[in-house]
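Participant: here is my input, please return the structure:
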Amino acid sequence: MNIFEYDFMVRALWVGLLISLTAPLIGQTIVLRRMSMVGDAVAHTTLAGVAIGLILGIDPLITALLTSVIGVVVVDLLRTRLPHYAEVSIAILMSLGIGLAGTLSSFVRDTNRFTSFLFGSIVAISEQEVLLITIVVALVAMVYLIFYKEIFAVTFDETMAAFSGMPVKIINFVTMLLLGVTLSMAAKTVGSLILSSLLVLPVASALQVAKSYKTTLMWAIGFSLVTMLGGLLGSFYFGLKPGGAVVLLAVALYGITLALPRRNTR
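Facilitator: Reported below is the predicted structural model:
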């Protein structure tokens, strides 16, 4: 069975490729800053946006993008007000996202479409959505490359970056914004409930084998490609849910790297 004979799989593989190249860019930053759970919080916010889009008859990807941006703004504001309890802001946003998603889902008529955003659906990606995701992912990658040095500096020593004259607050906001955009674009393929795994697990695996910040990023992208494309292929040939297949493969790779001698990043 030739997978490239099916247009929906070609679209899914293309979107998966784009997201697996982009997710580690943001994932590495949040992992190294010990903010891994922020992905879960924003992911639940995107799910609320999906429900809003389905209720209003708007493309759910657009409303998911908007709510994810609002979500990262909320987290950033709460982190500013609660500087010593950053995890509280994440918990608050997660609670808000879950509450809104659960309540709004009661008003969604197309429950099958809403469910497809929970665990991902490779057959439901339209050509218009592929175009939107391609454009947004390209913008995310471009912004990351523009602010690469600043993101690197803030990730390892926010105080020193501020003393060096870097706009730390702006860099933090840009990083959170890129996180929200990336998660909202990945919701259709992987599913909102397991989006954060796509950010964290490849980076966690890369930290076991890489020697530096840059090589960690390269390894993370490689692991992300293997897990995403492998999961999508598994979903096609074995009838698995794509999101679940991606995450299980990512966990398996992490288990393999965990058995290898640990190399500290520097």
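Participant: do you know how far Leu248 is from Leu77?
Facilitator: 36 Å (Cβ to Cβ, to the nearest Å). C-beta: built from backbone N, CA, C; applies to glycine.
Participant: more crowded one of those two?
Facilitator: Comparing Leu248 with Leu77 by other Cβ atoms under 10 Å, the one with more neighbours is Leu248, at 18 against 12.
Participant: mind listing the strands for the chain?
Facilitator: For the chain, no strands are identified by DSSP state E.
Participant: for Arg34, give me phi and psi.
Facilitator: Main-chain torsions, Arg34, degrees, to the nearest 10: phi 60, psi 50.
Participant: how many residues are close by it?
Facilitator: Counted with other Cβ under 10 Å, Arg34 comes out at 10.
Participant: so how far is Leu178 from it?
Facilitator: As judged by Cβ to Cβ, Arg34 and Leu178 stand 18 Å apart.
Participant: got it, and Ala161?
Facilitator: Distance from Ala161 to Leu178, by Cβ to Cβ: 17 Å.
Participant: likewise for Val137?
Facilitator: For Val137 relative to Leu178 (Cβ to Cβ), the value is 10 Å.
Participant: least confident secondary structure element in the protein?
Facilitator: helix 111-119 (a mean of 79; mean pLDDT, DSSP states H and E).
Participant: where does the stretch 51-200 of the chain have low pLDDT?
Facilitator: Scanning the stretch 51-200 of the chain for pLDDT under 70 picks out the ranges 83-86, 122-123, 193.
Participant: give the contact list for Ala48.
Facilitator: Contact analysis of Ala48 by Cβ atoms under 8 Å, 6 or more residues apart in numbering lists 67, 97, 100-101, 104.
Participant: in space, what's closest to it - neighbours in sequence excluded?
Facilitator: Leu100 (3.8 Å; Cβ to Cβ, 6 or more residues apart in numbering).
Participant: contacts only, for that neighbour.
Facilitator: Taking Cβ under 8 Å, 6+ apart, we find Leu100 in contact with 45, 48, 51.
Participant: burial count for Ile55?
Facilitator: 18.
Participant: give me the spatial nearest neighbour of it, chain neighbours excluded.
Facilitator: Phe107 (5.2 Å).
Participant: ok, now Thr134?
Facilitator: Thr134's closest residue in space is Leu18 (Cβ to Cβ, 6+ apart), at 6.3 Å.
Participant: how near is that neighbour to Thr182?
Facilitator: Using Cβ to Cβ, we find Leu18 at a distance of 10 Å from Thr182.
Participant: which residues are in contact with both of the two?
Facilitator: Joint contacts of Leu18 and Thr182 (Cβ under 8 Å, 6+ apart) are Val137.
Participant: if anything else comes up later, I'll come back, but that's it for now.
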